[in-house]
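Asker: My questions are about this predicted structure, shown below with the sequence.
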Amino acid sequence: MTVTYSQDVTTSTWIGNFWKLLFRWRGSVYRLIWPDLLVYCTLFAIISLVYRHALDETQRVTFEMLSLHCEYFASFIPLSFVLGFYVSIVVGRWWEQYNSIPWPDTLALHITAGLHGHDEISRKMRRTVMRYANLTITFTFAMMSPLAKKRFPNLQAYVEEGLMTENEKRIFENFRKRTNQPDYWMPLVWATSIIARARKEGRIRDDFAVKTIIDKISDLRGTCGGLLSYDWICVPLVYTQVVTVAVYTFFASSLMGRQFLDPSKNYDHNQIDFYVPIFTILQFFFYVGWLKVAETLLNPFGGDDDDFEVNYLIDRNQQVVYLVVDEMHDEHPDLLQDKYWN
Amino acid sequence: MTVTYSQDVTTSTWIGNFWKLLFRWRGSVYRLIWPDLLVYCTLFAIISLVYRHALDETQRVTFEMLSLHCEYFASFIPLSFVLGFYVSIVVGRWWEQYNSIPWPDTLALHITAGLHGHDEISRKMRRTVMRYANLTITFTFAMMSPLAKKRFPNLQAYVEEGLMTENEKRIFENFRKRTNQPDYWMPLVWATSIIARARKEGRIRDDFAVKTIIDKISDLRGTCGGLLSYDWICVPLVYTQVVTVAVYTFFASSLMGRQFLDPSKNYDHNQIDFYVPIFTILQFFFYVGWLKVAETLLNPFGGDDDDFEVNYLIDRNQQVVYLVVDEMHDEHPDLLQDKYWN
Amino acid sequence: MTVTYSQDVTTSTWIGNFWKLLFRWRGSVYRLIWPDLLVYCTLFAIISLVYRHALDETQRVTFEMLSLHCEYFASFIPLSFVLGFYVSIVVGRWWEQYNSIPWPDTLALHITAGLHGHDEISRKMRRTVMRYANLTITFTFAMMSPLAKKRFPNLQAYVEEGLMTENEKRIFENFRKRTNQPDYWMPLVWATSIIARARKEGRIRDDFAVKTIIDKISDLRGTCGGLLSYDWICVPLVYTQVVTVAVYTFFASSLMGRQFLDPSKNYDHNQIDFYVPIFTILQFFFYVGWLKVAETLLNPFGGDDDDFEVNYLIDRNQQVVYLVVDEMHDEHPDLLQDKYWN
Amino acid sequence: MTVTYSQDVTTSTWIGNFWKLLFRWRGSVYRLIWPDLLVYCTLFAIISLVYRHALDETQRVTFEMLSLHCEYFASFIPLSFVLGFYVSIVVGRWWEQYNSIPWPDTLALHITAGLHGHDEISRKMRRTVMRYANLTITFTFAMMSPLAKKRFPNLQAYVEEGLMTENEKRIFENFRKRTNQPDYWMPLVWATSIIARARKEGRIRDDFAVKTIIDKISDLRGTCGGLLSYDWICVPLVYTQVVTVAVYTFFASSLMGRQFLDPSKNYDHNQIDFYVPIFTILQFFFYVGWLKVAETLLNPFGGDDDDFEVNYLIDRNQQVVYLVVDEMHDEHPDLLQDKYWN
Amino acid sequence: MTVTYSQDVTTSTWIGNFWKLLFRWRGSVYRLIWPDLLVYCTLFAIISLVYRHALDETQRVTFEMLSLHCEYFASFIPLSFVLGFYVSIVVGRWWEQYNSIPWPDTLALHITAGLHGHDEISRKMRRTVMRYANLTITFTFAMMSPLAKKRFPNLQAYVEEGLMTENEKRIFENFRKRTNQPDYWMPLVWATSIIARARKEGRIRDDFAVKTIIDKISDLRGTCGGLLSYDWICVPLVYTQVVTVAVYTFFASSLMGRQFLDPSKNYDHNQIDFYVPIFTILQFFFYVGWLKVAETLLNPFGGDDDDFEVNYLIDRNQQVVYLVVDEMHDEHPDLLQDKYWN
């Protein structure tokens, strides 16, 4: 579920309320990073113990040379740069994905404004068009998010949640037998046909409303397609691999390079033996944390703490659209003179 | 309240009028940073006193080793980079949030142009539609800004400020008993119904005007939803934590690493004892100030000096819309020949 | 006035025609930077003279220590980074502001196409609507630009320039007595009423044209409001202060740190005494020049060489709109067979 | 074909599932980089062998001087920076290109909603308009992608795939004899004429639908033109050359500079002879990998693993549009009461 | 002319086909950079000769001190940073300029769809409107591009190329006598009048088409104005100067700083005398090449190899529009059953 913390940072006055954010666990970097950190520290400790207790003097000198070599050359990996640019791209895509989420609300507003009548057919039409919109949106979510996929493993699940009728299910099953093209947009074509029929039957009174509604249906299809394209076209694998390899080789080499060498030998920056490599751990925390930002955001429809809550959205859409196009249709409170009248 | 200073920087001629900006207090970095700086300096002084007066010679040597170690390894934290990228993202979101603020003006212009009639019902319709627009906008603000929330703690407050009638309040109360879905958009659905009725009664003379007005109402809902999404989907907590941890551990380690060591021992860059670590303080000022930029902008609807003035906006909207749709409706000064006529 | 030089850089062939740009004075970095540079050099010279002639040997050693300290620690201020990111933001805003400048041309085109008739009332309507558009644009400019403000210090000035009638002035005066809300958009509400009346009187023949014209009027109001928001919501003061403080403290510390120390003492990088710190001056030129880019662009409606020429725009708008909606209305050259006919 | 991996990174929990991505071959950086790496390692080995076995002592000293020189000055090439900025631009263009791909779906939705009738002429019209849309899209793809070009080497191929009739082929042939202007947009002009005729014959019932359909046809032409402009206007060759030269000269110089020099001579960072330059190889992997990101994305319509699957798109478009405008035309499942009815 | 190379980089498989791009001359960095490089190398050689042969020992020591000083302080100029940010801005503007190029195609499509009739007047109207569109576009190009300016030095040239009639020329001449306002938009006002007349005469059958066509004409004017604004409002001169000065002073100082000093004196990094400063030349190539990217792109309507081919566009527009609105008007191939019919 999305981790919302903007209410905690409304003012920035006393010694940084960013502090508060540091002590959160849900959605935190600690939660993401601790397994990696544990593995890293264990390996570091093992190597340290080998150096201190298992090696003879000649081996130790070799070890020290190797360590200095690793330390020196590790600085050649421009981690900040490549992470900075990569994370920028991933964060950009993440926010665009949020903005690409399709919402049925606009269509609902136009349906209730344009498709008149309180008889059963009119009500059915309004509700069915909106159900089709929700169905397409839910198909889209189920293609992107493993959580939604789990909730809707097959067509029967849609029927059970009331998004599809048995009859419609059969049509989908027939379609899927014939071709393996994506069919998430089919309900919108039906919705278009219903609108055309509603115009013919006079339930929609003017051509404008028809045009506007068809436009919104077509926008909805575009938005769903746009969202799917983030799933289909990932950040190029090459880039992700380059960044991941860079981070992990950097820390692999720091397992050697950051060992505390015998202070008596007076190597540069090794005058004292601290046993616990506190700055290396911080650096690990920092860089791997940065990489985890990218990992979390790469597929924001997954199950991470910071991912978008698709199941909530699916429920919300169903409740809201029926409310707008059916219950609240043509209803408004009495027109009264407001407080500032004259 | 927003800190406006663009009138102070209209020309850039004599020795930088940016100087003038340095001596501002409201909305200034000094005001944001002084508590942190005070804490930092106090801690620095305590550690310095311990080193100078409380430690014996062996302890001092250990202290000096530790200090050099801290100084050396602190440079491994790429503060500029991560702050630069992070602040870019936050500043980008901040400006987008400003651009996402919903304004009722466009709708008002279309209402006054399209919904004709000087009788009471027509006037009520125009005023009520605009009141509903303002109500939705105010709901949105109250969800985002603690200042607006304080002004509108419950539905009664809306009634008292004239944004809602008692009748409407009851409808909201009933709705909220049934579900906990956001209901900020409900007044816009009512507005849609009023428009449909106005067309039916001939107060709106053509289908175009209906379509345009519904479009604007739907745009307004979209803008409100868009603004709320900045509240719902924050900059990922992981990123904020990584940056904050980086800055604070950097300065925690500088508490040790930047101590002036005994000049007689001739450590690198410690030839002279200045007592006051002027450059470290500047660096603190600089980096923590940069972080404060992000803190201030992360939720621009809070109570910081630089935050958006939502309460002013709420008042302004109420005044302007009634002026446009009621008082100025169908009025314009006499048509005269202008100065350049022929 | 805007400094246009794109015609000087059309081709890039022989030893860089960027050279030519270096010898420009108007809008140049030299013109912006020389007072600062003069002050800096004077201070540098004074400190240098004190070091060379006024200090005894002990004081000189202290001075030298201090100088080395300043030099070493000045490198901790990441000037390039923070300037790079800050200037990117400012340049981005500057160009967006240019793109937010409202133009009356589109409205004029739609008015001349839609509002027919050669009688006096029709002509008055067309001219008045465009005058109102120009009036709103000019109000907007006068709120942003000190140059336009100087030209239009009060409502009387608008009357004298033919943008307002005496009658309209009185309405504005009454309005301003009642409230201190911005009123720049009022003429556009009047324009809307005129359009509604023109439709009623049949001067506009179809509802489409009405809708389109109202849309354009509403766009114009939006553009004006958008432009004003750049004035109202500046780049956060905090950010500007952090950057300015960083640049000036860097150069304050370089006043000490870049002094040429006694070569006989053989300090690092002080083997030779050049008297004139040519590279420090270049660095000053470079970094302060970069900051000046930001200062110039922060309010592009000011009086800098590079700022937008609002007064020219005001004159141009007045001439063009009357030409389009009145003189050229319904006129076009005879239809002839063109050169490639068949 | 596009390499999709977003389903592999839905959650970021246990020790980074980015690990999994490292062991992919299709679309991987390994597959792109191995030939370069092989050449590089071979050259490195040859030079190493020459140094160790073929040179006499004087030559070896010269070699060592040269090597140290190369190592020192190679650091002057700011590879990270220029790669970071260049790759940002290329990645930006790559994603914009994806977003510029024309889809016939929106047009199909509007055609089925607006062009009525089940007689043969109506069906032919709907199908032909969509065929023309697909034809233009396919022409566009064939101009950009060598894969599509291979599938459609000449006009006959279009006829064989059913995208063109013999008659239309003749028109194209005649046109191409007369001029060498691009003619990919011609089918859309025909589509426009068909729409005009359909309105005249009453198959489209209102002017709105005509306007909307013409708008969509015109959008489609714009999108195709926009996509072609990415082909016509590449990232400036100058920039690509500068980056490529920088990367390759860096590694050319590292062939000398990263040789392990005789440890007995005690050169800096050459205390130990590792034979295999593991860090240099990593650096090569890293920087050349980053460059390969750019190479892959520069023309995303090529045959790289990560490129867009145009042939799939062409097939998909043909299947979908006939389905929408013909088979599903005016059809929708029976209107039933949904699960939440009342 | 534009240098297109995307067809050369369709796949990225064997040892980088970026190699191929390195051996291009047209539009290459070599072609842009060689004069600068020649001058630089000559100056370097002269200074080198003076040092080696013309100076006595004392002078040589001073020279060496100066050289070391230059080398040390040149590193203070953050060339990568400022070039990176500057080139990003310039590349961004360059691509936006390409996207701002006005195309008459959309207007042509709407004209042919909306303005009916095969009689001479209708044909004249369609052709004349499109000629006016082309005339405005060509005026715009002639204001921006020296190549187009050369082709159209005066109004007579437009007449000769068939873009203007003698009659229209006279109107322009009269206008230019009265005012020096830009008049590139005048033909579009005439086009608007023609459209209004066509509606009145029934050649355009509905108000929609009129609105759409006027919209497109108005868009075209907006696009032309937008393009001109890139010419009018350049990247601020200050920024360009700062960057240029930075690059040239860097290399001026490197003329001294990168001289090979007497190896016998054993200065750091001067152990060996290579005579040819291969790495300095590479650095020159690299940084000046990067600057040349900016120079080339700053005015993409100039005569550089990589600039947009305006003259080609002018010819192309003339051919295409007459084809669309006249020759192909109302024509489409016979409607046949396509291959997949049933």
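Answerer: Thanks, I have it.
Asker: pLDDT weak spots in the stretch 201-342 of chain A?
Answerer: Within the stretch 201-342 of chain A, the stretches with pLDDT under 70 are A:303-306.
Asker: and after the helix or strand harbouring residue A:45, which helix or strand comes next?
Answerer: When elements are assigned from DSSP states H and E, residue A:45 belongs to helix A:29-49. Scanning forward in sequence from helix A:29-49 by DSSP H and E, the next helix or strand is helix A:57-74.
Asker: helices or strands up against that next one?
Answerer: Packing partners of helix A:57-74 (3 or more CB pairs under 8 Å, 6 or more residues apart in numbering or on different chains; DSSP states H and E): helix A:237-257, helix D:278-298. For the C-beta atoms, the positions are set from N, CA and C on the backbone; glycine is no exception.
Asker: Give me the distance between residue A:95 and chain E.
Answerer: Distance of residue A:95 to chain E, computed by CB to the nearest CB, to the nearest Å: 19 Å.
Asker: distance of that residue from residue D:92?
Answerer: 15 Å (CB to CB, to the nearest Å).
Asker: Between those two, point out the one with more neighbours.
Answerer: residue A:95 (20 against 16; other CB atoms under 10 Å in any protein chain shown).
Asker: Could you look up the SS state of the more buried one?
Answerer: State at residue A:95, reduced to three classes by DSSP: H, G, I helix; E, B strand; the rest coil: helix.
Asker: OK, contacts around it?
Answerer: B:93, B:233 (CB atoms under 8 Å, 6 or more residues apart in numbering or on different chains).
Asker: Look at it and report its pLDDT.
Answerer: Confidence at residue A:95, expressed as pLDDT, is 88.
Asker: Could you check how far it is from residue B:229?
Answerer: Residue A:95 is 10 Å from residue B:229, by CB to CB.
Asker: Please work out which residue of the stretch 101-250 of chain A is closest to chain E.
Answerer: residue A:238 (9.2 Å; CB to the nearest CB).
Asker: thought that residue was touching residue D:296?
Answerer: Yes - Residue A:238 is in contact with residue D:296 according to CB atoms under 8 Å; the separation is 5.9 Å.
Asker: In the stretch 51-200 of chain A, what residue spans correspond to helices?
Answerer: A:57-74, A:79-99, A:105-114, A:120-144, A:146-151, A:155-160, A:166-178, A:186-200 (DSSP state H, counting those that start in this stretch).
Asker: quick one: buried residues of the second one?
Answerer: Right, helix A:79-99. Buried residues in helix A:79-99, counted by 16 or more other CB atoms under 10 Å in any protein chain shown: A:79-95, A:97-98.
Asker: can you check the fifth one too?
Answerer: Residues of helix A:146-151 classed as buried under the neighbour-count rule (16+ other CB under 10 Å) are A:146-149, A:151.
Asker: avg pLDDT for that helix?
Answerer: Per-residue scores along helix A:146-151 average to 88.
Asker: Check whether it comes near chain D.
Answerer: Yes - using CB under 8 Å from any CB of the partner chain, helix A:146-151 comes into contact with chain D via residue A:146.
Asker: how far does that helix sit from the chain's center?
Answerer: 14 Å (CA atoms, centre = their mean, to the nearest Å).
Asker: go on, the second one?
Answerer: Between the mean C-alpha point of helix A:79-99 and the mean C-alpha point of its chain there is a distance of 13 Å (CA atoms, centre = their mean).
Asker: Now tabulate the buried residues of helix A:146-151 in a markdown table and tack on distance to residue E:193.
Answerer: Shown next, in a markdown table, are the buried residues of helix A:146-151 (distance: CB to CB, whole Å):
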| residue | distance to residue E:193 |
| --- | --- |
| A:146 | 61 |
| A:147 | 60 |
| A:148 | 57 |
| A:149 | 60 |
| A:151 | 61 |
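Asker: for the residues you listed, which one is nearest residue E:323?
Answerer: residue A:148 (50.2 Å; CB to CB).
Asker: Pretty sure that closest one sits against residue A:141.
Answerer: Yes - in terms of CB under 8 Å, residue A:148 counts as a neighbour of residue A:141; the distance is 4.2 Å.
Asker: joint contacts of the two?
Answerer: Counting by CB under 8 Å, 6+ apart, the residues touching both residue A:148 and residue A:141 are A:301, A:310, A:314.
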